[in-house]
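Participant: sharing a sequence plus its predicted fold:
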Amino acid sequence: ICTKVSGLCGLENRRKRRITGKLVAEAKFLHNIPDGDLDMNAQFKFLMACTLALSGLWAQAQTASVKVQWLGQAAFKITSPEGKVIITDPWLKANPLTPVEFKTLENLGKVDVLLVTHGHLDHFADAPAIAKLNNVPMYAPGDMNASVVALGILPPELAPRFNKSGVVEPSPGIKVTPVHAEHSSVINWKNPATNKDEIHVGGEPVGFIIELEDGFKIYHMGDTGLFSDMKFIADYYKPDLVLMPIGGNFTMGPKDAAYAANELMKIPNVIAMHYGANPLAKGTLVQFMDFMKNPKIKVHPLKPGEV
């Protein structure tokens, strides 16, 4: 059984091993089976308990999967094992790569979690509308959301403040931790009174560690250049999948991104993002793949709209 992210069997196997360990431990407890060496009677009981446990695993594996759909740039629609929908960095209406279907925000369906890494328009543009449409809070850097509230873009209840290392649970079973990103952040806001563009505080940019109900972890890097603590983030949080910018000019280009993947993080599964939508970001997936030399890392090529 694989997740609906094409080819992510390795991630699903890791998820099943976590579930298996939990179920077997529960089986031992329920059947009063001691740890350590087992006599013949205990071995039989343990075998039967494991059979029941693994049947439970099979039922979970049939219904629980992770779906990651790229919508262009840094926008993703992630569906959790329990069917929760997480939207990241929604620049959809004006994004040339976004599938036509999702330029109508209602077609996203019910959104349970909304995450924005920083204030630049190609990450923030459609987030306030999605927040209002679904009555769901927009989680973004704390100082960015302070500006969002002060400018009247969103009310306080839809713009909660948090910051790096501050774990939140925006929907039951979904945990989100903001982490460092090497970038910048401002809000470009058109003042309705003057009809002029204004630049406002956007807080410090972040990436997100998104932990799903079954412990599966996704590292959305946001916009970032190289920094050495990528290794720390990978070592400490142990993500299963990383969503990584490769376009260059504003973020890491293909060579830098591949170095981060191969040498610093070594996260087993990678989906490239933040390329192809802006002519200044010239990096391509083909270039990135040419630099990816670690056979233990799987790059999953997605076109916008694919899962």
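Facilitator: All right, it came through fine.
Participant: any chance you could give me stretch 67-78 in CSV, C-alpha atoms only?
Facilitator: C-alpha atoms of stretch 67-78 as CSV (Å, rounded to 0.1, in the frame of the first residue of the first chain):
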residue,chain,number,x,y,z
LYS,A,67,-2.0,13.1,-0.7
VAL,A,68,0.3,15.9,-1.7
GLN,A,69,-0.9,18.0,-4.7
TRP,A,70,1.3,20.8,-6.2
LEU,A,71,-0.6,23.8,-7.3
GLY,A,72,2.4,25.8,-8.6
GLN,A,73,5.1,27.9,-6.9
ALA,A,74,4.9,27.1,-3.2
ALA,A,75,1.2,26.3,-3.1
PHE,A,76,0.2,22.7,-2.1
LYS,A,77,-3.0,21.0,-1.2
ILE,A,78,-2.1,18.3,1.4
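Participant: which residues touch M144?
Facilitator: M144 makes contact with V116, H118, G119, S185, I187, V201, G202, G203, according to C-beta atoms under 8 Å, 6 or more residues apart in numbering. C-beta coordinates here come from the backbone N, C-alpha and C atoms, glycine included.
Participant: neighbours of the residue lying closest to it once chain neighbours are set aside, just the number please.
Facilitator: Nearest residue to M144, sequence neighbours excluded (C-beta to C-beta, 6 or more residues apart in numbering): G203, at 3.7 Å. Here the number of neighbours of G203 (other C-beta atoms under 10 Å) works out to 21.
Participant: from the contacts of M144, which single one is nearest V270?
Facilitator: H118 (21.2 Å; C-beta to C-beta).
Participant: out of the contacts of M144, which are inside strands?
Facilitator: I187, V201 (DSSP state E).
Participant: can I get the contacts of M144 in CSV with pLDDT?
Facilitator: Shown next, in CSV, are the contacts of M144 (pLDDT from 0 to 100):
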residue, pLDDT
V116, 98
H118, 98
G119, 97
S185, 97
I187, 97
V201, 95
G202, 97
G203, 96
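Participant: quick check, nearest of the contacts of M144 to G166?
Facilitator: Using C-beta to C-beta, the contacts of M144 come closest to G166 at G203, 12.8 Å.
Participant: tell me the secondary structure of A260, please.
Facilitator: Using DSSP: H, G, I helix; E, B strand; the rest coil, the structure places A260 in helix.
Participant: what sits against it?
Facilitator: A260 touches L226, M230, M244, M252, counting by C-beta under 8 Å, 6+ apart.
Participant: and it, how far is that from N191?
Facilitator: Going from A260 to N191 by C-beta to C-beta, to the nearest Å gives 39 Å.
Participant: mind listing the strands for the stretch 1-150 of the chain?
Facilitator: 67-70, 76-79, 85-88, 113-115, 138-141 (DSSP state E, counting those that start in this stretch).
Participant: just checking, what packs against the shortest one?
Facilitator: Packing partners of strand 113-115 (3 or more C-beta pairs under 8 Å, 6 or more residues apart in numbering; DSSP states H and E): strand 85-88, helix 127-134, strand 138-141, strand 168-171, strand 174-180.
Participant: how far does the third one sit from its chain's centre?
Facilitator: Distance of strand 138-141 from its chain centroid, counting by C-alpha atoms, centre = their mean, to the nearest Å, is 14 Å.
Participant: likewise for the second one?
Facilitator: Mean-position distance between helix 127-134 and its chain equals 19 Å (C-alpha atoms, centre = their mean).
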